[in-house]
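A.B. asks: Got a predicted structure here, sequence first:
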Amino acid sequence: MSTPTATVVYEGHLRCRLTHHFSGTTILTDAPLDNHGKAESFSPTDLAATSAAACALTIMGIAAREHGFSIDGARAEVTKIMAANPRRIAEIHIHFFFPPFPYSDAHRRLIEHIAHNCPVMISLHPEIHKAVSLSFAKAAATS
């Protein structure tokens, strides 16, 4: 059996403490307002949706380093939409914003491919609608 990745402890009041075994980092989760919670932290479904963006940016960073360019400062805005009966994530909208850099067409294609195919995105249930968009800031003209 492999070593556990994390430990999750239910602390009561709809809150859990997640501890990453390798680093000791902890994250609290809380139930969302629309499901009996206080929304004082990420909900588990918030983490699932947000993890897709973090995964994509991480893999993009690896690819950028391997191909000799940078995405440092890139960010993503994530919107999660829930459905009922059963309660589940229905949609994840991720908009990626990239800093000014003279991205080639090949860089852009690579980044877009990763945005749709990172490990988390392809692990999510196929019925979850995934809307991904990308914005590239214009690089300053050189004189």
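C.D. replies: The structure has been received and is ready for your questions. Numbering: from 1, shown residues only.
A.B. asks: How are the strands of this structure distributed by residue range?
C.D. replies: Counting by DSSP state E, residue ranges of the strands within the chain are 6-12, 15-20, 26-30, 75-83, 88-98, 129-136.
A.B. asks: Columns mean neighbour count, distance to Pro44 and mean pLDDT on top of the ones you listed, output as a markdown table?
C.D. replies: C-betas here are computed from N, CA, C, even on glycine. What follows is the strands of the chain, written out as a markdown table (neighbours: other C-beta atoms under 10 Å; distance: least, C-beta to C-beta, whole Å; pLDDT from 0 to 100):
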| stretch | mean neighbour count | distance to Pro44 | mean pLDDT |
| --- | --- | --- | --- |
| strand 6-12 | 11 | 9 | 97 |
| strand 15-20 | 15 | 8 | 97 |
| strand 26-30 | 16 | 5 | 96 |
| strand 75-83 | 14 | 11 | 97 |
| strand 88-98 | 18 | 10 | 98 |
| strand 129-136 | 14 | 18 | 97 |
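A.B. asks: now for the ones you listed, which one comes closest to Phe69?
C.D. replies: Within the strands of the chain, the stretch nearest Phe69 is strand 88-98; the backing value is 10.3 Å (C-beta to C-beta).
A.B. asks: For the closest one, which strands pair with it and how are they oriented?
C.D. replies: Sheet pairing for strand 88-98, assigned by DSSP bridges, gives strand 75-83 (antiparallel), strand 129-136 (parallel).
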